[in-house]
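K.L.:
Predicted model, plus sequence, below.
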Amino acid sequence: MSLKIGGFQKNTLIDFPGVVASLVFTQGCNFRCPYCHNPSLISLPILESSTTYNISTLPNNSNFKLTNNNLNLIDESEIFAFLKKRKGLIDGVTITGGEPTLQPALESFCFKLKNMGFKVKVDTNGSRPDVIENLIKRELVDFIAMDIKSNKEGYKYLVGASEQIGVEEKIDIKNYKNSNKHALNKTLNFSLIIKSIKLIIKHSPAYEFRTTCVKPFITPEIMPEIGEMIKGASKYVLQHCSKNVKMFNPLFFQKNNPYPDPFLSDDELAHIRLIMKPYVQECSIR
């Protein structure tokens, strides 16, 4: 069994704090954020029949399907061959996605990296705390970055939402139960997100929580709820959402979003930072 890799960046100075790293993009995600900058990584490849990773083991899977989509995957042997040649120049590897914790080969991939002497960072949406816990217990990860998407109601839109979200109806997070006819998945186990947060705060060797800021999922009114979710965290990062990139659902930004400009300004992010400062030890804007 090997990691399903949809992309590889040979070096990065910004994706692993304090470490010169390579960047591995895993294929497949169980979220459907309309502003996702890596839409080509969302579809899951068909996996080996021998693996226990199948539709019944994916979280929140009521309408989730495994697809092939003629994906051009990178053999992990190519990654290890490159890293072997660059040892001493590359100090670590960031595994991102997609969602890495959906990959049954994630632990073995991390194990190989650690055996080669590389530091390992894993980016996650927090939907599979059991995988995160195993990585920490087995000392296979040095840094975890978890995305905090929104408050509880906002997550119901972002997990498994169809491409039509925000096209035929306005997004009203406060009245989610009555307005979200396009949500494919209405059974998000939000406790998984909270469990991952607590696990990372308590046990991860190093970590950060981060939020890509897009209205209506991130607003000043919502931030105190997020503050309570990550209360006591050592580091929280607010990120601008880039406008001029390929996104999973560009129509979300063009029709019926309740905000004329979903992208937060510098002043708006600064205001949100002030709201979040009492909840965390450090809050920054990236």
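P.N.:
Looks like it came in fine. Note that the structure is predicted; figures quoted are calculated from it, not measured.
K.L.:
And the strands in the stretch 1-150 of the chain, which stretches?
P.N.:
In the stretch 1-150 of the chain, the segments counted as strands under DSSP state E, counting those that start in this stretch are 5-12, 21-26, 92-96, 119-124, 143-147.
K.L.:
Gln239 is nearest to which of those strands?
P.N.:
strand 143-147 (9.2 Å; C-beta to C-beta). Where you see a C-beta, it was placed from the backbone N, CA and C, and this is true even at glycine.
K.L.:
Quick one: closest of the strands of the stretch 1-150 of the chain to Tyr35.
P.N.:
strand 143-147 (11.5 Å).
K.L.:
so where's the stretch 1-150 of the chain uncertain?
P.N.:
For the stretch 1-150 of the chain, applying pLDDT under 70 flags the ranges 46-71.
K.L.:
need the helices for it, in chain order.
P.N.:
In the stretch 1-150 of the chain, the helices defined using DSSP state H, counting those that start in this stretch lie at 76-86, 106-115, 129-137.
K.L.:
Please spell out which residues along the longest one are buried.
P.N.:
Spelled out, it's helix 76-86. Going by neighbour count (16 or more other C-beta atoms under 10 Å), the buried part of helix 76-86 is 76, 79, 83.
K.L.:
The last one: what's it in contact with?
P.N.:
Under the criterion of C-beta atoms under 8 Å, 6 or more residues apart in numbering, the contact partners of Leu83 comprise 22, 90, 93, 113, 116, 118.
K.L.:
Quick check: bridge partners of the first one?
P.N.:
On the basis of DSSP bridges, Ser22 takes part in beta bridges with Val93.
K.L.:
That one: neighbour count?
P.N.:
Around Ser22 there are 23 other residues, counting by other C-beta atoms under 10 Å.
K.L.:
ok so, going back, export the strands of the stretch 1-150 of the chain to JSON lines and append columns for distance to Thr211.
P.N.:
Output for these, formatted as JSON lines (distance: least, C-beta to C-beta, whole Å):
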{"stretch": "strand 5-12", "distance to Thr211": "21"}
{"stretch": "strand 21-26", "distance to Thr211": "20"}
{"stretch": "strand 92-96", "distance to Thr211": "16"}
{"stretch": "strand 119-124", "distance to Thr211": "13"}
{"stretch": "strand 143-147", "distance to Thr211": "7"}
